[in-house]
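# generate coordinates for the sequence data below:
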Amino acid sequence: QVRLAESGGGLVQAGGSLRLSCAASGLPFSLYAWAWFRQAPGKEREFVAGISWAGGSARYADFVKGRFTISRDNAKNTVYLQMNSLKAEDTAVYYCAAANRKYYSGSYDPGDFGSWGQGTQVTVSS
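Below is the predicted model:
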């Protein structure tokens with residue numbers, strides 16, 4: 001059974017930083033691409049950042065480029081999202097997700113991700 005557990009969310013002032021973590025179990029972590037998505041109240045879930053199964057490439061939504069960094073530690077079965085220069089509009093529930101197949105190489109559409117964590121709330125006060 002795949003289990004994903006996010007942590008690291010919280011309340012932070014605008015301009016501050018947070019680091020989210022997602023610990024995974026139940027699947028061969030290193031063979032999967034990983035991504036972070038977010039969902040704000042009343043809005044659709046949206047892609048934030050993704051990292052390839054080999055770890056060699058990352059992709060970001062335009063609204064986080066230069067501020068957020070996704071990384072992975074295969075030895076710890078954990079994927080991270082470092083969030084800097086946070087803005088009020090970054091307030092949302094953040095979810096980590098595993099691609100629905102090994103060796104995924106795609107556009108990080110939410111429909112391509114089959115395992116999801118429970119989410120962690122990030123609130124940025126202005």
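# now do the helices in the chain.
Assigned by DSSP state H, the chain shows no helices.
# neighbours around the nearest residue to Gly26 once chain neighbours are set aside, how many?
Excluding the flanking residues, the one nearest Gly26 by Cβ to Cβ, 6 or more residues apart in numbering is Val2, at 4.1 Å. Just so you know, the C-beta spots here come from the backbone N, C-alpha and C atoms, and that holds for glycine as well. Using other Cβ atoms under 10 Å, Val2 has 13 other residues around it.
# surely Val2 is in contact with Ala23?
No: the pair Val2 / Ala23 is not scored as a contact, 11.7 Å apart, by Cβ atoms under 8 Å.
# so where do the strands sit in the protein?
Per DSSP state E, the chain carries strands over the ranges 3-7, 10-13, 18-25, 34-39, 46-51, 58-60, 68-73, 78-83, 92-99, 113-116, 120-125.
# what does the first one rub up against?
What that stands for is strand 3-7. Residues from elsewhere that reach strand 3-7 (Cβ atoms under 8 Å, 6 or more residues apart in numbering): 20-26, 94-98, 115-120.
# what about the closest residue in space to Tyr108 that isn't next to it in sequence, how many neighbours?
Closest residue in space to Tyr108, ignoring its immediate chain neighbours: Gly50 at 4.1 Å, by Cβ to Cβ, 6+ apart. Burial measure for Gly50: 25 neighbouring residues, criterion other Cβ under 10 Å.
# do Gly119 as well
Neighbours of Gly119 using other Cβ under 10 Å come to 18.
# contact partners for Ala98?
Here Ala98 is in contact with Val2, Leu4, Ala24, Leu27, Tyr32, Ala33, Trp34, Phe113, Gly114, Ser115 (criterion: Cβ under 8 Å, 6+ apart).
# was I right about the last one contacting Arg101?
Spelled out, that is Ser115. No: counting by Cβ under 8 Å, Ser115 stays clear of Arg101, with 11.0 Å between them.
# more neighbours: the two, which one.
The neighbour count for Ser115 versus Arg101, taken as other Cβ under 10 Å, is higher for Ser115 (18 against 14).
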